[in-house]
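Colleague: when you get a sec, could you give me coordinates for this:
(chains A and B)
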Amino acid sequence: MRSPGRARTWLYRQLLRSHPTAFRRRYEHELISTFTDAWTEQIAATGPLAELAFWHRLVSRELAAGLTARWHLRRESGPAARTPLRTDLRLAWRSVLRAQGLSAVVVLTLGLGIGASTLVYTVVDFTLLRPLPYADAGRLVRVYLADREDPGELAAVTGAHYLSYRGAAAFEVLAPVYTMEPTYADVSSGDVPRRIRTLRVGAAYFDVLTQQPIVGRVFRAEEERANAGLVVLSEHAWHTLHGSSVDVVGTRIALDGAPHEVVGVVPSAADPVAGTVDAYVPLDLTPGGVNHADNNYLTLIGRLARETTVASARGALAAAGRAVEAEAPEAIRWTPRIIPLQEDVVGDTRGLFLVLLGAVAVMLAIICVNVANLFLVRGTQRRRELAVHMALGCSGRTVLRRLLMESGILAICGGVLGALLASWGLGILPLLLREVGPAHLSGVAIDGRILAFLLVVTGATGLAFGAAPALRAARIDPATDLAGARQSPDRSTRRLHDALAVVQIAIALVLLTSASLLLVTFERLRAVDLGFAVDDVLTFSVALPDSRYDAEARARFHDEFPRRLSELTGASVGAVSHLPTLGSSFSWGAGPLTGPLGGDDRGWTQADQRVVTGDYFAAMSIPVVGGRTFSDGDGNAAPRRFVINRAAAERFFPGIDPVGQGVRVAFLRGEVVGVVENVAVDVEGGHVPEVYHAHRQFADNRNWILDYVVSGTGDQRQTLARLPALRTALTAMDPQLVLFQPRPLEAVVGRGLAERKVALFFLVGFAVTATTLAVLGVYAVLAHGMLHRRREIAVRLALGATGGGVRLLVLRRALALAALAIGIGLPIALAFGRSLEFLMFHVTAADPLVLAGVTAVMLGATLGAAWPTVRGVGRIEPAAVLREE
Amino acid sequence: MLDDSQHPLTALDFSVLLVLSEGPSYGYGIMKAVGNRSHGGLDLAPGNIYQGLDRLISRGWIRELEQSEIPSQADARRRYFAITESGSRAAAAEARRLSAIMPAVRRSLRGLPAEG
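Modeller: Numbering: from 1, shown residues only, chains lettered A, B, ... in the order given. This next block holds a predicted model:
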């Protein structure tokens, strides 16, 4: 029979704490075994609803029984039996409850601050602080080849280099993996073909990441050859494709139509570079072929031997590489470079996460300051109450302890709220960071380490905002405080209030500046003319399996499919090998054969190669500047023809009409038939010389995976509604093909903005919070200050000062605070902004408009915060105020 | 001052005494029997039961069995409780008190429909 298990027993044990200690000690064992009996007999075989009802009953009955017993006990034993600590706690709790509004605000702000900082810390911890989620990750490294002439330039490793490196004793194991671009395969299982993520790996790959097969085996060295027809599945794919059946080994699955024999299953684990993988296939590592010394295409990861340093391993690889140089002299330009894998994986996002950590720390600071300020203000109001306590014999220490307990209680409540918010935030974080975070970030979860951090932060904030007010309160002198009930706060108290308000405005200014700089960056990026229509264009990709499509069939397919889609939808439809804004692609040497620079080195340059079909230029609204785009006549039988972009035209043929001129691209010679406008090669709108090829003339070069673009209807929803029809059209052409990743074009070209989006999301959130808090803080300080100056103001008014005059008094104070804060905040904002410059575009940290705008906003916010007080001061009736005394 | 046995007993104490007068029992056994006896009217948590047992022990109305006294077919890890002489007397007194007031109760409730 089932027993309730550890978690339920633990929960029940906690419930028992409501009982008096002596009773609990006497019967705890019995109580728990009774609970176990009851659970086993009544609940074990039922569902969750019955269990819920059971607990509901149990909790209410047990709590009622325990607390009633305690209450009786206390009444019997009288106040003398209570421990001082308990009394303090009770008093502190009562005081927290009495100031409900204040407590709620404090808990809410603390919860926000603690939640946000926990969230950011969790990400930083997972990416920067803790080792990668692989066994003995400290010894994992990535190997690059560095150019001797230009050591900053890191390239992938060649097959020849790997083959000479792999015996090196400096490594326990060293394995190549292909990550230059994501690879996929279409799998036919069931009725719908699906595309899964594949990874080509060397046999030793699984040893590097210590992935033991669950079923079967992994690859052997002799299987590292082209078209080995073998596959290792991830546990996840095993589940979805094979229902986790153990006799999967030896079965065949068709990847892109080619049969592959399943040799084993490994646990699902993200590849450190490529991310989540469904299936592994062997890399072709036979010497020669693609593995010559000039083809840098392999990502090399390895595990250093024990007691081996990166430097000595580098020396060992350099020595091993001489064998390559002996055979292929051009390989002399390469020298190995070893980077710890964690450093390599985290790489670019490091800066982003550190900025976020800084920002969240700043926000937490402002929250502490704010809460401290609220407490100080309240503390002044409570002087009388505390003075009574002390007059009745309460020591300063007791008052101090009690006040610290109050802040402790609030901090704990804030911590609990923060934990809830953080765990909720972690749910959406992977979505937010999907495009920027390192591949293993999807496994992020709150654990003991994070909870410890949460505890420390909560304790620290509790102390931070509780200490100053408590220390001040402990210095209360009952005689003076009781004598002068309406006594205004002394100079030092006022100065402390002011200082805290100034700090808040300054911090808010810093965050607001950073957020504004990013907002401006976004605006500028959005305003960049990318050279094509981004909105309302649909895109997806189609890959044709080599096993069923030779070059001729591929050319036919990519001619026919856009034509059919176009007839079906009436839209312009085309496809390209590499969409704009996603970076360079196939940057090959190119230059003019004719014209003024014909055959001249000066015209020679690196140019991006893009392969197009259908009405690509029309679908993307890329203007044709001269000549024509490709037509049906530019087939395999026709001479080779190119379309070039404006940048290439200006470079190759300055001052003449490029149409009809000759161009050489790597090994190809052909004629320019048209010139099109430049399109952005990245999100910042940069462009490079580009040469477009007609797919049907270039299908034999390689199996190009084409990204289709379908021009819009003018209404985004209608455009997306075309998808099912497009899918049907594809199935009609070939039922085994996949219409992969259909989405609006803007979702694809926006990818480059992802990192900035994350930073913007957090910074704007922090800045808004900080500004709100600062406004609240300023309001509290001014309102409180005026409360104590009512008498002074009444006297002034009685002596003939005008309402306007006293209003000015308040305004002047608010302005003084704001001016001081801006004076302090601006230089810090400038420095903080500099650390963000790597995310900025067409704006600098010292942007005068941003700084002026933020200053104006902060001034306005301060004055706004002062407004209620200013109005209130004007309404003071001197006679009434003076009579109160 | 009243003798303990003359105090009206709580429904729980009375039920526990009645259960134990049928023979020794342990925590969950008592809890179940009390629940059955009251037709679910007394819905109790383990804490309620042990508070009752603790109270009854302190009055000397029930006692905990020694290891050697525990019935052989029972689970030796549990603590068993049995009613004492004075416990039996208290239960009987309570029963008498209840039956003594019953005629008065019936008279007052005469106007009401009989319980079905």
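
Colleague: enumerate the residues of chain A near chain B.
Modeller: Counting by CB under 8 Å from any CB of the partner chain, the positions of chain A adjacent to chain B are A:16, A:19, A:23, A:26-27, A:30-31, A:33-35, A:37-38, A:41, A:57-58, A:61-62, A:65-66, A:69. (Each C-beta comes from the backbone N, C-alpha and C, glycine too.)

Colleague: let's go with 6 Å and repeat that
Modeller: Counting by CB under 6 Å from any CB of the partner chain, chain A comes close to chain B at A:27, A:30, A:31, A:34, A:35, A:37, A:38, A:58, A:61, A:62, A:65, A:66.

Colleague: may I see the buried residues of the helix or strand harbouring the third one?
Modeller: Read it as residue A:31. Per DSSP states H and E: residue A:31 is located in helix A:21-42. Buried residues in helix A:21-42, counted by 16 or more other CB atoms under 10 Å in any protein chain shown: A:23-24, A:27, A:30-39.

Colleague: what's that helix packed up against?
Modeller: On a contact count with 3 or more CB pairs under 6 Å, 6 or more residues apart in numbering or on different chains; DSSP states H and E, helix A:21-42 meets helix A:5-16, helix B:27-37, helix B:46-58.

Colleague: report the angle between it and helix B:46-58.
Modeller: Between the axes of helix A:21-42 and helix B:46-58, defined by axes from the mean of the first three to the mean of the last three CA atoms, to 10 degrees, the angle is 130 degrees.

Colleague: next, the angle helix A:5-16 makes with the next helix or strand after helix A:21-42.
Modeller: Next along the chain after helix A:21-42, taking DSSP H and E as the criterion, comes helix A:48-77. Interaxial angle, helix A:48-77 versus helix A:5-16 (the same axes, to 10 degrees): 30 degrees.

Colleague: name the residues that touch the helix or strand following helix A:48-77?
Modeller: Following helix A:48-77 in sequence order, the next helix or strand is helix A:84-98 (DSSP H and E). If you take CB atoms under 6 Å, 6 or more residues apart in numbering or on different chains as the criterion, helix A:84-98 is touched by A:103, A:401, A:402, A:405, A:406, A:409.

Colleague: how does it look with 7 Å?
Modeller: A:103, A:401, A:402, A:405, A:406, A:409, A:410 (CB atoms under 7 Å, 6 or more residues apart in numbering or on different chains).

Colleague: same check on stretch A:503-514?
Modeller: So stretch A:503-514 is contacted by A:359, A:362-363, A:365-366, A:369-370, A:763, A:766-767, A:770-771, A:773-774, A:777-778, A:817-818, A:821-822, A:824-826, A:828-829, A:832-833, A:836, A:850-851, A:854, A:857-858, A:862 (CB under 7 Å, 6+ apart).

Colleague: report the buried members of those residues.
Modeller: For these, a neighbour count by 16+ other CB under 10 Å gives the buried set as A:359, A:362-363, A:365-366, A:369-370, A:763, A:766-767, A:770-771, A:773-774, A:777-778, A:817-818, A:821-822, A:824-826, A:829, A:832-833, A:836, A:850-851, A:854, A:857-858, A:862.

Colleague: who are the contact partners of residue A:250?
Modeller: A:261, A:262 are the contacts of residue A:250 under CB under 7 Å, 6+ apart.

Colleague: which parts of chain B sit against chain A?
Modeller: B:27-28, B:31, B:43-51, B:54, B:78-79 (CB under 7 Å from any CB of the partner chain).

Colleague: closest one to residue A:602 out of the residues you listed, please.
Modeller: residue B:45 (91.8 Å; CB to CB).

Colleague: neighbours of residue A:498, how many?
Modeller: 18 (other CB atoms under 10 Å in any protein chain shown).

Colleague: with pLDDT added, can I get the buried residues of helix A:21-42 in CSV?
Modeller: Below are the buried residues of helix A:21-42 laid out as CSV (pLDDT from 0 to 100):
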residue, pLDDT
A:23, 89
A:24, 88
A:27, 89
A:30, 88
A:31, 91
A:32, 90
A:33, 88
A:34, 90
A:35, 90
A:36, 89
A:37, 87
A:38, 87
A:39, 87
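
Colleague: residue A:717: which of those is nearest?
Modeller: Using CB to CB, the buried residues of helix A:21-42 come closest to residue A:717 at residue A:39, 52.9 Å.

Colleague: tally of neighbours for the closest residue to residue A:528 other than its chain neighbours?
Modeller: Of all residues not flanking residue A:528 in the chain, residue A:685 sits nearest, at 3.8 Å (CB to CB, 6 or more residues apart in numbering or on different chains). Using other CB under 10 Å, residue A:685 has 19 other residues around it.

Colleague: OK, contacts around residue A:685?
Modeller: So residue A:685 contacts A:528, A:529, A:530 (CB under 7 Å, 6+ apart).

Colleague: what about chain B, any weak spots by pLDDT?
Modeller: Counting by pLDDT under 70, chain B contains low-confidence ranges at B:1-7, B:39-42, B:72-74, B:76, B:110-116.

Colleague: please enumerate the strands of it.
Modeller: Secondary structure of chain B (DSSP state E): strands at B:25-26, B:62-64, B:80-83.

Colleague: could you check how far residue A:695 is from residue A:642?
Modeller: Noted for residue A:695: a distance of 13 Å to residue A:642, by CB to CB, to the nearest Å.

Colleague: same check, this time on residue A:680
Modeller: 20 Å.

Colleague: which one's more surrounded, these two?
Modeller: residue A:642 (29 against 21).

Colleague: ramachandran angles for the more buried one?
Modeller: The phi/psi pair for residue A:642 (degrees, to the nearest 10) reads phi -120, psi 150.
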